[in-house]
Structures are given as C-alpha cells and as structure tokens.
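Enquirer: Here is a sequence together with a model predicted from it:
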Amino acid sequence: MDTVVLEGLRISGLSYILIFVVLGIFYGLIKLLLRVFPRRDGSA
Amino acid sequence: MSELLRGIVGMSDWRVWAMFCVGLALIWLAVKKEYEPNLLLPMGFGCLLANIPFSSAVGGGFLDVLFKGGITNELFPILIFIGVGAMIDFGPLLQDPEMLFFGAAAQFGIFFTMMLALLVGRIPGVMGIPGLREAAAIGIIGAADGPTSIYVATRFAPALLAPITVAAYSYMSLVPIIQPPVIRALTTREERMIRMENPEREVSKTAKVIFPIAVTLIAGIIAPMSVALIGSLMFGNLLRESGVTERLSKAAQNELTSLVTILLGITIGSSMGGTQFLNPTTLLIIAMGLIAFVFDTAGGVLFAKLINLFRKRKINPMIGACGISAFPMSARVIQKMAQQEDGSNFIIMHAVGANVAGQIASIIAGGLILALVR
C-alpha cells in the first residue's frame, strides 16, 4: 500500500473513533442537562 | 444571423444532447417519482440552462454569479443548515441520549467509501488517481446529508461537486429502497420484532435551549472546522427552542430554506457541464454513493447487534440504520418495517432520536474530515 492509502486509513480510523468520542461527550452533556433540569419548567 | 446559427451548430456536440437527457431525467424523477423534488427539479432545469450552447446563463451569466456568491464561498449550504436546525426537534434524542451512538456508528459508510475511492483510484485505467481530498469528498456522500456533502466537496473537490451532489440527494430520496434489503440481510425476524419502551422522561425547556448552545461550543472547541456547519444548524434550533423568536424560526423553516433551495439547486445544476460531468469518474461516484449508503446502514445495524450482546434489555437493531442523517425518511422506513413484522410495535421515537443523532454525527464527520485531511 502506498503512503496516501495508509494516510487515508489512518484518517478514516481516527475520524470514526473521534465521532464516537465527540458524541460521547454530547451524551454526557445531555445526561447532565437532564439531571440539572429534570422536568418541565412551566413554559415548555 | 451567425449569432442565431451558432446555437444550432453547437447542438452538433453529442454531450449537449446527453446533458439534456440528464437534466430531463432529473426533472422527471422530481415530477413523476417525487424524488427530492425541491432540489432535483431546480437542478435539472439548471442543467438544461447550462448546457444550451453559448448559454447566457453561464460564462459570466447569473448562474455563474450565484455559483461564486453561494457555492464557492459555501454560503448556501450554511443557510440551508439554519433552516434544517429550525425544523429539527431534538426532544426524542434528549429523552433517549443513547441514540447518539447509533448516529456515530452509521457514519461508517463515509470512511469505507473514502478508502474504496482511494483504492479504486489506484487501479490503472479505471479512474484518474484521486488524492485524499477527492476520496474524502466522495466518501462524504455517506453522510447522507446534502449540505455537508456540498460543503466538503466545494473545499476538497470542486470539479466533482455536481456528481457528488446528485449522488447524495438521489440516494437520500432512495432510502426507502436502499435500507430495507440491507437491514433484512443483517437481522433475523425476531430481532426486527424487538419492542422498545418509549422513554417517558420529560425534557425541560431550559435543557432544550442550553443543548444547541453547548453543542456548538463543545464541537467548535474540539473541531473548529465544524463551527460553520454545526453552528448554523444549532443556531436554527435555538431560534426554534428559545420560544421568543417564533417569527424568525418560521422564516428559517420556510422562506429561507425555500429560497436557498431554489438557488442551490439551480446553481448546482449549472455546474453540470457536459465536459466535466460526462466521464467515467461520474459513474464511479454514483456507484460509490450507493456503497456509502449501504455501509452506513450496515454499520448502524451491526453496531446495535454488537451492543445487544452486552445488554439485558435489547435494542431493535433496525434502530441502528436510522443513524444515517436522511431525516426523517430513515426513521419512517424503520417504523414501517417494524410494523410489517408486528403491527403493534412502535419504535418511532427511538428511530427519530437516532435519526437526529445522525444529523449531528454527519456534521461532526464533515468537520473532522475537513480538519484532518490535508
């Protein structure tokens, strides 16, 4: 495999993992929001 | 007289006729089949305008002005995202945040297709050898998200913009045809009949308002290249959820989206010149787009099956397929499939949650690719 293909493989793998990481952070954010603001606050 | 004749003489080029057929085919798909008509119809007409010999619409005409003013500088896809954000209710996702991971898993097709494009490009005589940037632009069709595809293709492979856009929007409209066979091939009937309890928790308005702001800040800090995409989507959503800008929210959902869609469609269509569009690369891009959607679906379904190995309460693996960004088409398809197996099985809330997660994930994928590919 040439260097471009290897670089593509590295970027693809890294990007795919990073999507999980970023969305994992959003998961934590939502959990936090649900805990801090647990129910309707009247105006919703 | 010669001015009149040169148009007729220009019709002797077979590519003009071929592109007329392509333009008319897009219009036919929009009118007769109702496949993404809001985009394919303007695209088809733009294609006709651009391919009339010596057309005054291109070559410095109004379509060129629109291309420079809306596509080259990425303005149109960004404006579309404001409208999309105003249309999306993140409520189902906030009620069931686990669905976020299906959005991540179903981006698999992007990277599979990117690698495939790189490898195919290395077969002598098959295709001009694309670099990483071109391969990434082709792979991003798998984001199943038109504006993200346009945004990335404009930066990485402007010459491939037209076929990438046609592929992205065509396959988004073909989700009801593409996804079911892939899902059936990867799941058993028992798995497709799995019931899921609807999340009963309420989401406060405060949480709904904070969510788009926090997501923009977090995504922006991690991947600054994604700020334009995620920021515009979340800005639109904030207009919706704030509850104090109803007029702006409605304008973003209706007037802004409609106007920009007209301009975007006709301008993309105008980039479908015969010499650029009619080559083997276009056919390969169209084929790879289909592969991207298939592997997105497979990635989501297989991820759901994988996590089911560790869960007591099983997830219907079809939900994984909703992680693609084609919203709300994919969620509807999966709900329909669930009801085909069991008429009283309602998994629509989970499906919608995974589907909006796919919207976020596809933008993050676009931002990461923009940041990492040089």
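Expert: Thanks, I have the structure now.

Enquirer: what sits against the nearest residue to B:Ala304 once chain neighbours are set aside?
Expert: Among residues not flanking B:Ala304 along the chain, B:Gly320 sits closest, at 3.4 Å (CB to CB, 6 or more residues apart in numbering or on different chains). Where you see a C-beta, it was placed from the backbone N, CA and C, and this is true even at glycine. Contacts for B:Gly320 (CB atoms under 8 Å, 6 or more residues apart in numbering or on different chains) come out as B:102, B:105-106, B:299-305, B:354.

Enquirer: How is the spatially most central residue of chain A classified with respect to secondary structure?
Expert: Nearest to the centroid of the C-alpha atoms of chain A, with distances taken as CA atoms, centre = their mean, sits A:Leu23, at 1.6 Å. Secondary structure, DSSP: H, G, I helix; E, B strand; the rest coil: A:Leu23 is helix.

Enquirer: Repeat that for the one 3 residues further on.
Expert: Using three-state DSSP, the three-state assignment for A:Phe26 comes out as helix.

Enquirer: list the contacts for it?
Expert: B:97, B:100, B:215, B:218, B:360.

Enquirer: Tabulate those residues (TSV), appending distance to chain A and pLDDT.
Expert: Rendered in TSV, the data for these read as follows (distance: CB to the nearest CB, whole Å; pLDDT from 0 to 100):
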residue	distance to chain A	pLDDT
B:Pro97	4	93
B:Leu100	4	95
B:Val215	6	95
B:Ile218	6	93
B:Ile360	7	94
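
Enquirer: Considering those, which is situated nearest to B:Ile80?
Expert: B:Ile360 (15.7 Å; CB to CB).

Enquirer: where's that closest one relative to B:Ile140, distance?
Expert: 15 Å (CB to CB, to the nearest Å).

Enquirer: ok, those two, which is more surrounded?
Expert: Each of B:Ile360 and B:Ile140 has its neighbours counted (other CB atoms under 10 Å in any protein chain shown); B:Ile140 has more, 32 against 25.

Enquirer: can you pull the contacts of that one?
Expert: B:110, B:114, B:148-149, B:152-153, B:164, B:365-366, B:369.

Enquirer: go with 6 Å
Expert: By CB atoms under 6 Å, 6 or more residues apart in numbering or on different chains, the contact set of B:Ile140 is B:110, B:149, B:152.

Enquirer: Same check on A:Ile19?
Expert: A:Ile19 is in contact with B:104, B:107, B:361, B:364-365, counting by CB under 6 Å, 6+ apart.
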